[in-house]
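**Student:** coords below, sequence missing:
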């Protein structure tokens, strides 16, 4: 344990490598809809306005997830991961706008929980070097966000929408 880490009462939750992996997946999840949207709009015969509702649902969910972080931050990360997983799985199985919006809303809540809980937990654990710790974690979020387009471009043309989303 680093010398500036706080006892479990202040910063209980997953270890730093797990936080980094979770943040990498949160970066992927946050950006995923962007490169998928043209394929989803085509498959579901959506107009631009309808496609925008998918983005709205996801980001309203993320806002609500971020403002409803529980006191037990480890629980927020765990519950957020489950909600994001369930929401993206439901989105993969969706075939129209309304279930797709509901699924993305749920995944957004999960992403909001993950991101806010992880940031708060990191700030509490590493008080002397908060900026450095958050920058390191945000590298993983950024890396996940950057590789999303590459992954979508590589897998969606070969496997369609459903399979890559279910694997994610």
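**Tutor:** In hand now; what should we look at? Source: prediction; values computed, not measured.
**Student:** mind listing what's buried in stretch 77-88?
**Tutor:** When burial is assessed from 16 or more other Cβ atoms under 10 Å, stretch 77-88 yields the following buried residues: 77-81, 83-85, 87-88. All C-beta atoms are positioned from the backbone trio N, CA, C, and that covers glycine.
**Student:** next: stretch 96-108.
**Tutor:** Counting neighbours by 16+ other Cβ under 10 Å, one finds that the buried residues in stretch 96-108 are 97, 100-108.
**Student:** quick one: which of those sit in helices?
**Tutor:** The subset of the buried residues of stretch 96-108 located in helices under the criterion DSSP state H comprises 97, 100-108.
**Student:** which of the buried residues of stretch 77-88 sits closest to residue 119?
**Tutor:** Distance to residue 119, by Cβ to Cβ, is smallest for residue 77 among the buried residues of stretch 77-88, at 10.6 Å.
**Student:** where's that closest one relative to residue 118, distance?
**Tutor:** Separation of residue 77 from residue 118 (Cβ to Cβ, to the nearest Å) stands at 6 Å.
**Student:** ok, now residue 141?
**Tutor:** Between residue 141 and residue 118 the distance, using Cβ to Cβ, works out to 9 Å.
**Student:** before we move on, the earlier item: wait, which of the ones in helices among the buried residues of stretch 96-108 is closest to residue 151?
**Tutor:** Comparing these against residue 151 with Cβ to Cβ picks out residue 107 as the nearest, at 16.7 Å.
**Student:** tell me who's in contact with the nearest residue to that closest one once chain neighbours are set aside.
**Tutor:** Spatially, and ignoring its direct neighbours in sequence, residue 107 is nearest to residue 87 (2.7 Å; Cβ to Cβ, 6 or more residues apart in numbering). The neighbours of residue 87, taking Cβ atoms under 8 Å, 6 or more residues apart in numbering as the test, are 61, 103-110.
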